[in-house]
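*Asks:* after the sequence you'll find the predicted model.
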Amino acid sequence: MPLWPKDTLTTGRSPRVLFVWGANYLNQAKGFLDVYQTLWPKLDLIVDLNFRMDTTALYADVVLPATSWFEMWNLNTTDLHSYIIPFTPVIPPQFGSRSDWQIWQGLADALANTGVVFQDSLPDGTTITRDYATLGTDFRTLNTDGQDLSDDKDACQFLLDSSVETNGLTMDGIAEQPARLLETSEEWTSDLLPNQAYYGFQRMTEHLKPLHTLTGRQQFYIDHDWYLSDFREELPVYKPPVDADLYPLRWITPHGRWSIHSTYRDLKFQLRMQRGRPIVYLSPSEAQARGLLDNDPVEVLNDHGSLVAHLCVSPRLPAGMALMYHGWESYMLKNNLDDTSGFKNGWQGPCTIRIKPTQLVGGYAQLKFRLNYWGPTGNQKDTRVQVVKYAGTLP
C-alpha cells in the first residue's frame, strides 16, 4: 500500500495541517466522533476550500470561498460513461469567490513570496532542493512547453490536448455540445465503436485479450496465503457481522437519491422528499418491540456514538436492521459537536473505523493498489446499534 502516513506511525509525529478540497471530510468520515475528538485537537491549522458552509467548513480555521459549478470553466468525467462534460461560467464568480484553479495559483504565489529554500528527503533516501521562489511560475508553466496556464479555460484546453482520449476536442466545442471521447487507451477494456454504446470487456470477449488477472480469465478463486489460511476467503463466502458491538440492529447507511453525498442535503426541495428532516428507518416489528410510533424522535446509539432523528416505520425494512440514508449534515441533527449533554452527533457517529484486512494485499496478480479501486476501505456494515425513544424534545 503506497499511501499511508509512514512518518506519523514511525516517528511519533502528529499531522499538523489538514487541507480539505472537494470533500466534506468531517461530516462523511467513518468514526465521526473519533475523528473530531482525536484528530482535530492535534491540528494547528484546518483549511477548507468550499462553496458551502457545510459541517467541515464550520469546524475549519480558514474557509477559502470557491466558485460553484456554474461560475467557472472546468471538466467533468467519470468511468461510468464515455463522454466529457464541461462546467461553464453561467455567471461570474460571486462575492469574492475564486475557482479551484485560481485558489491553487494564489496559494502557490503566496508560498513563492516566502522565498523559502530547503532540502527535502524523497522516499528512496535521496535529497532534493525545494525552492519556493519559483513555485508560482512552475505551477502555471511546468511541463507545458512554455504555455502559461493562468487562465482556467486554457488549463482545461491543455488537459484536453494532453490526453489520448480527448486530443482534438476544444472547450468551445464541448461547451456547445458535450462530446464523446475520441479514443480509448490501454487502461480501458473496450474500443469506442461508431454508433454503439460503450460496454465493458469488449477487447476480452471479441479480441480474446487476457484479463489482468493471475489466470488471464475471470476468476473468483484467490490463492494468496491470507485468503487461504488466515481468513478462508479463497472463494466468495458469507460471514455474519462481527460481534464487537453487542447491539441488536445492523446499522446501514446507503447512498441516497436526495443529494450528492452531503452536498445540498439541506435544500428545502430535497428535504420535502424525506419529511423535511433527518429520519431513521425501522421495520414495523422492530418499532413495535420498542414501543415506537412513526415520526417519534429516536436516538440511535452504541459505544462509539449516537445521533437523534425522527423515525420512519417502513415495511420494506427487514427485522434486525436500522437504516439511515447518508449525508445528513451534523447541524441538521439534534445538538452539535460541542454540546455537553452527552449526545454524540453526526450520521456517521455510531460507525467505527475498521478495515477489511484482505484489502491490504497488494502487488499480487490483479490485487494491485489503485486509488478508489483497490485498497483498504471501512467496514461500516459491521456496525451494530440500538434504537430507543428520545427522552428529550425536538424542535
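*Replies:* All right, it came through fine. Numbering: from 1, shown residues only.
*Asks:* buried residues in stretch 368-380?
*Replies:* In terms of neighbour count (16 or more other Cβ atoms under 10 Å), stretch 368-380 has its buried residues at 369, 375, 376, 378, 379, 380. The way it works is simple: take the backbone N, C-alpha and C, and place the C-beta from them, glycine included.
*Asks:* touching, the third one and residue 362? I think so.
*Replies:* No - with contact taken as Cβ atoms under 8 Å, residue 376 and residue 362 are classed as non-touching, separated by 9.7 Å.
*Asks:* coming back round to it: from the buried residues of stretch 368-380, which is closest to residue 332?
*Replies:* residue 380 (19.6 Å; Cβ to Cβ).
*Asks:* picking up where we left off before, list the residues that contact both of residue 376 and residue 362?
*Replies:* residue 1 (Cβ atoms under 8 Å, 6 or more residues apart in numbering).
*Asks:* what does stretch 85-93 contact?
*Replies:* 67, 69-77, 99, 156, 171, 174-175, 178.
*Asks:* give me the buried subset of the residues you listed.
*Replies:* Judged by 16+ other Cβ under 10 Å, buried ones among those: 67, 71, 72, 73, 74, 75, 99, 156, 171, 174, 175.
*Asks:* quick one: the fourth one and residue 174 touch, right?
*Replies:* Think residue 73. No - with contact defined as Cβ under 8 Å, residue 73 does not count as touching residue 174 (10.8 Å).
*Asks:* I'd like the next helix or strand past the one helix or strand residue 84 maps to.
*Replies:* In the assignment (DSSP states H and E), residue 84 maps to strand 83-87. Counting by DSSP H and E, the next helix or strand C-terminal to strand 83-87 is helix 100-114.
*Asks:* what lines up beside whatever helix or strand comes next after that next one in the sheet?
*Replies:* Remark: after helix 100-114, the chain's next helix or strand is strand 117-121, criterion DSSP H and E. Strand 117-121 pairs in its sheet with strand 127-131 (antiparallel), by DSSP bridges.
*Asks:* average pLDDT across the lengthiest strand in the chain?
*Replies:* Ranked by number of residues, the top strand in the chain under DSSP state E is strand 306-313. Strand 306-313 shows a mean pLDDT of 93.
*Asks:* if you count contacts, what does it end up packed against?
*Replies:* strand 279-282, helix 284-289, strand 297-301 (3 or more Cβ pairs under 8 Å, 6 or more residues apart in numbering; DSSP states H and E).
*Asks:* mean neighbour count, distance to residue 121 and mean pLDDT added to the ones you listed, as CSV?
*Replies:* Formatted as CSV, these follow (neighbours: other Cβ atoms under 10 Å; distance: least, Cβ to Cβ, whole Å; pLDDT from 0 to 100):
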stretch, mean neighbour count, distance to residue 121, mean pLDDT
strand 279-282, 22, 49, 96
helix 284-289, 16, 56, 98
strand 297-301, 21, 46, 93
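*Asks:* and residue 234, what element?
*Replies:* Per DSSP H and E, there is no helix or strand for residue 234.
*Asks:* what residues are up against it?
*Replies:* By Cβ under 8 Å, 6+ apart, the contact set of residue 234 is 221, 222, 223, 227, 228.
*Asks:* redo that, cut-off 10 Å
*Replies:* Neighbour list for residue 234: 220, 221, 222, 223, 224, 226, 227, 228 [criterion: Cβ atoms under 10 Å, 6 or more residues apart in numbering].
*Asks:* for ChimeraX, what selects the buried ones among those residues?
*Replies:* Command for ChimeraX, covering only those of those found buried under the criterion 16+ other Cβ under 10 Å:
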select :222,224,226,227
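*Asks:* and the contacts of residue 234, which two are furthest apart?
*Replies:* Using Cβ to Cβ, the contacts of residue 234 span at most 15.8 Å, a distance reached by 220 and 226.
*Asks:* one step back: just the CA coordinates for the longest strand of the chain, please, in CSV.
*Replies:* C-alpha atoms of strand 306-313 as CSV (Å, rounded to 0.1, in the frame of the first residue of the first chain):
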residue,chain,number,x,y,z
SER,A,306,-25.1,8.4,18.9
LEU,A,307,-27.5,10.6,17.0
VAL,A,308,-31.1,11.8,17.3
ALA,A,309,-33.5,11.9,14.4
HIS,A,310,-37.2,11.0,13.6
LEU,A,311,-38.4,7.5,13.0
CYS,A,312,-39.9,6.3,9.7
VAL,A,313,-41.6,2.9,10.1
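*Asks:* describe which strands that strand pairs with in its sheet and in which direction.
*Replies:* Partner strands and pairing direction for strand 306-313 (DSSP bridges) are strand 279-282 (parallel), strand 297-301 (antiparallel).
*Asks:* chain center to the shortest one: distance?
*Replies:* Spelled out, it's strand 279-282. 24 Å (Cα atoms, centre = their mean, to the nearest Å).
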